[in-house]
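1. need a structure here:
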Amino acid sequence: MKELNISQFLIPTNSKLPKEFFMKTYEISGKYLRSNLDLCTLSSDDRSAFLRNAADNITCLGTVFSWSWSQLYNSELFIQVFKTFYGYSPFTMIHYILKFIDPDIIVAKLSLSLFAFSNNNSIFSPQVTTKSTNTLAIFHIQNMYAQVLWKYLLYKYGYYQSIQRFINLNQCLLAATNTVFDAQNIEQHVNDIESLIEQTELTLVLDDIERID
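-> Numbering: from 1, shown residues only. Modelled structure (predicted):
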């Protein structure tokens, strides 16, 4: 954020840093998916079918999470570059999601994993082909994250505040679901997600082979 503010004074038209941020978002999302042990427990077929949904979800909510903690939404240059890349509608949705991001970093991080495995919120878009997955296995993982999140809320905030925060979380994930749907109609995003999925699948397959050997 500091570098971006400096660049606004030195080179007002510089869009290098925002572009690097977008690229890093997809890169970090891929690292998360490749290192998640729950994802690795799925069969190769289920994993392959599940990856698109997970990649879209984690990229979307991870981006908003980064915006919130870095306060990039205060940078006019960043916002302008984002709108140029992805259009006005996704920006409006992300701005709406920001209202529901929990200030507790542990809740926010658990929310990322919960949303990554929210595969039963199926989204259908003409540009995206979908495959069937073992929904029971996905639901079991999703339920595990939901239970951990709920127990943490009860421990940290008590019953009443936990309900309020969980309601906000539901609002956040619903808004993020709408944002993911819009993003599936953006060519730049679709291409980046495809690249992320290919790299992730290749890495996981190589890991499977290494474990067998």
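
2. Can you pull up the most central residue in the chain?
-> Using Cα atoms, centre = their mean, the residue of the chain that lies closest to the mean C-alpha position is Ile58, 2.0 Å off.

3. roughly how far apart are that residue and Lys151?
-> Distance of Ile58 to Lys151, given as Cβ to Cβ, to the nearest Å: 22 Å. C-beta: built from backbone N, CA, C; applies to glycine.

4. cool, Ile28 as well?
-> For Ile28, the distance to Lys151 equals 27 Å [Cβ to Cβ].

5. Comparing the two, which residue is more hemmed in?
-> More crowded of Ile28 and Lys151, by other Cβ atoms under 10 Å: Ile28, with 15 against 11.

6. model confidence over the helix or strand Leu39 falls within, on average?
-> Assigned by DSSP states H and E, Leu39 belongs to helix 37-40. The average of the pLDDT scores along helix 37-40 is 86.

7. just the helices in the chain please.
-> Using DSSP state H, the helices found in the chain span residues 2-10, 16-35, 37-40, 44-70, 76-86, 88-97, 105-116, 135-183, 187-212.

8. list the buried ones in the third one?
-> Of the residues in helix 37-40, those with enough neighbours to count as buried (16 or more other Cβ atoms under 10 Å) are Asp38, Leu39.

9. That one - contacts with which helices or strands?
-> helix 44-70, helix 187-212 (3 or more Cβ pairs under 8 Å, 6 or more residues apart in numbering; DSSP states H and E).

10. nearest to Ile97, of these?
-> Minimum separation from Ile97 across the helices and strands packed on helix 37-40 (Cβ to Cβ) falls at helix 44-70, 4.8 Å.

11. For this protein, give me the ranges with low pLDDT.
-> Applying pLDDT under 70 to the chain picks out residues 1-15, 119-134, 211, 213.

12. what's the spacing between Thr135 and Arg52?
-> Distance, Thr135 to Arg52, using Cβ to Cβ: 15 Å.

13. Of the two, which one has the most company?
-> Taking neighbours as other Cβ under 10 Å, Thr135 and Arg52 compare with Arg52 leading, 20 against 14.

14. Quick check: that one touching Ile197?
-> Yes. Arg52 is within contact range of Ile197, at 6.0 Å (criterion: Cβ atoms under 8 Å).

15. and Asn53, how many neighbours?
-> Asn53 has 23 neighbours, counted by other Cβ under 10 Å.

16. likewise Asp56?
-> A count of nearby residues for Asp56, using other Cβ under 10 Å, gives 28.

17. Could you check how far it is from Glu194?
-> 11 Å.

18. try Ile28
-> The gap separating Ile28 from Glu194 is 17 Å, by Cβ to Cβ.

19. and what of Asn168?
-> Using Cβ to Cβ, Asn168 is found at 32 Å from Glu194.

20. more neighbours, those two?
-> Between Asn168 and Glu194, counted using other Cβ under 10 Å, Asn168 has the larger neighbour count: 16 against 13.

21. Give me the spatial nearest neighbour of the more buried one, chain neighbours excluded.
-> Among residues not flanking Asn168 along the chain, Phe100 sits closest, at 4.8 Å (Cβ to Cβ, 6 or more residues apart in numbering).

22. Brilliant, that's me finished.
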